[in-house]
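[1] Sequence isn't available, so here's the structure alone:
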């Protein structure tokens, strides 16, 4: 069960609910989901991310700017190169949970259940 299972609706701040909706809206783009997945283990440059997600540098830069404004990614500059990384693990968890839900929706094989059985 979730840590929120016993929490009533009134316990959630309205502002946080509104911002949560904005976060889901931010993640409602396949390229941004791929960027979150690409950044889950390491920081990467725009060039590397563009190659990883098979999009132009300009498109990736625009998506990264949105993710940065949403405080989902942060940057580090080294010379004239900018490296991006996840600001925290929450976006990664949201994306993984969405993919797990997608597995329930589109297929007979739910991989995340099988990997949990093998880990036990």
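    Good, I have the coordinates. No experiment lies behind these values; they were computed from the predicted model shown. Numbering: from 1, shown residues only.

[2] what's residue 82 in contact with, if anything?
    Contacts for residue 82 (CB atoms under 8 Å, 6 or more residues apart in numbering) come out as 45-46, 75-76. C-beta: built from backbone N, CA, C; applies to glycine.

[3] closest to residue 29 among these?
    Using CB to CB, the shortest approach to residue 29 within the contacts of residue 82 belongs to residue 46, at 16.8 Å.

[4] Output the longest helix belonging to this protein.
    Taking DSSP state H as the criterion, the chain has its longest helix at helix 90-106.

[5] Quick check: buried residues in that helix?
    Within helix 90-106, the residues that qualify as buried are 91-92, 94-95, counting by 16 or more other CB atoms under 10 Å.

[6] Now do that helix: distance to the chain's middle.
    The chain centre lies 9 Å from the centre of helix 90-106; the measure is CA atoms, centre = their mean, to the nearest Å.

[7] same deal with stretch 46-64?
    Relative to its chain's centre, stretch 46-64 lies at 15 Å (CA atoms, centre = their mean).

[8] Where do the helices of this structure begin and end?
    Assignment of helices within the chain using DSSP H yields the ranges 14-26, 30-38, 46-53, 57-69, 90-106, 111-119.
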